[in-house]
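In: Fold the following for me, if possible:
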Amino acid sequence: MSWTDDRVEVLKKMWGEGKSASQIAKELGGVTRNAVIGKVHRLGLSNRSGGASSAKPAAKEKAAAKAKPAAKAKPAAEADAKPAAPAAAPANKPMIRPKLVVTAGQPLPPQPSANEISPEALASVREIEKKAKKLSVMQLTERTCKWPVGDPATEDFWFCGLPVQQGKPYCEAHVGVAFQPMSARRDRRR
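Out: Model prediction:
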């Protein structure tokens with residue numbers, strides 16, 4: 001499909017009437033909504049003010065400002081007393097936000113507390129962690145428990161490393177903590 005002059009005129013007319021890109025695409029036929037949006041932007045029609053480009057009003061204002069005769073000359077003392085008003089920031093300039101950097105010393109996300117984990121599972125985890133192999137991330141395999149223990153920002157951080165339960169990433173004790181039945185979790189929240 002090519003944009004003939006007739007099709008562009010229909011697009012401009014319908015866009016000026018406030019029709020949606022989907023409605024225009026349907027009316028033109030053989031063109032998608034996205035193609036209509038692209039053509040609207042290339043034509044500078046995106047402000048919906050009857051087909052006038054958003055750049056043209058700004059150009060008209062500049063030309064009008066140049067054409068106006070200079071206002072009465074102010075005395076030098078008066079001109080110095082009033083500082084010039086700062087130029088307004090463009091409305092469509094994107095705001096730059098600093099990237100959020102989380103360093104290794106940041107606190108960990110909330111860990112399950114003792115009241116969220118069954119006492120049996122908690123006791124089992126404490127016993128298992130005494131027997132753990134205390135592996136680093138580079139020592140982990142598909143057959144070793146990947147349960148993290150400690151703060152990753154410290155030297156005391158390690159992974160359990162015991163044999164995993166079939167089809168799970170953790171050993172039996174850590175599976176008991178990580179994969180709890182839904183009803184048990186709901187009951188503890190109440």
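In: residue boundaries of the strands in this structure?
Out: Secondary structure of the chain (DSSP state E): strands at 148-149, 158-159.
In: can you tell which of the ones you listed is closest to residue 6?
Out: strand 148-149 (66.0 Å; C-beta to C-beta). Backbone N, C-alpha and C define where each C-beta goes, glycine included.
In: Tell me which of the strands of the chain sits most buried.
Out: strand 158-159 (a mean of 20; mean count of other C-beta atoms under 10 Å).
In: returning to what we had before: I'd like the strands of the chain as CSV, with mean pLDDT and distance to residue 177 appended.
Out: Shown next, in CSV, are these (pLDDT from 0 to 100; distance: least, C-beta to C-beta, whole Å):
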stretch, mean pLDDT, distance to residue 177
strand 148-149, 90, 12
strand 158-159, 92, 14
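In: Need those strands in JSON lines (columns: distance to residue 45).
Out: Shown next, in JSON lines, are these (distance: least, C-beta to C-beta, whole Å):
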{"stretch": "strand 148-149", "distance to residue 45": "55"}
{"stretch": "strand 158-159", "distance to residue 45": "59"}
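In: From what I see, residue 14 and residue 26 are in contact.
Out: No - in this structure residue 14 lies outside contact range of residue 26 using C-beta atoms under 8 Å: 10.3 Å.
In: Compare these two (neighbour count), which wins?
Out: residue 14 (18 against 13; other C-beta atoms under 10 Å).
In: what's the distance between the closest residue to residue 124 other than its chain neighbours and residue 156?
Out: Nearest residue to residue 124, sequence neighbours excluded (C-beta to C-beta, 6 or more residues apart in numbering): residue 173, at 4.4 Å. Going from residue 173 to residue 156 by C-beta to C-beta, to the nearest Å gives 20 Å.
In: As a check, name the ranges of all helices in the chain.
Out: 5-16, 21-28, 33-43, 55-67, 76-81, 119-131, 172-178, 182-189 (DSSP state H).
In: Show me how the chain divides into domains.
Out: For the chain, automatic domain parsing gives the domain ranges 5-56, 119-189.
In: Show me where this protein dips below the pLDDT cut-off.
Out: By pLDDT under 70, the weakly predicted segments of the chain are 1, 48-118, 181-190.
In: Please repeat the previous calculation with a cut-off of 50.
Out: Scanning the chain for pLDDT under 50 picks out the ranges 50-56, 70-71, 79, 114.
In: looking at it, residue 178 is touching residue 165, isn't it?
Out: No - assessed by C-beta under 8 Å, residue 178 is found out of contact with residue 165, at 10.3 Å.
In: Count the residues that sit near residue 33.
Out: Look at residue 33: counted by other C-beta under 10 Å, it has 14 neighbours.
In: Oh, that last question was meant for residue 154, not what I typed.
Out: When neighbours are defined as other C-beta under 10 Å, residue 154 has 9 of them.
In: do you know how far it is from residue 171?
Out: Using C-beta to C-beta, residue 154 is found at 23 Å from residue 171.
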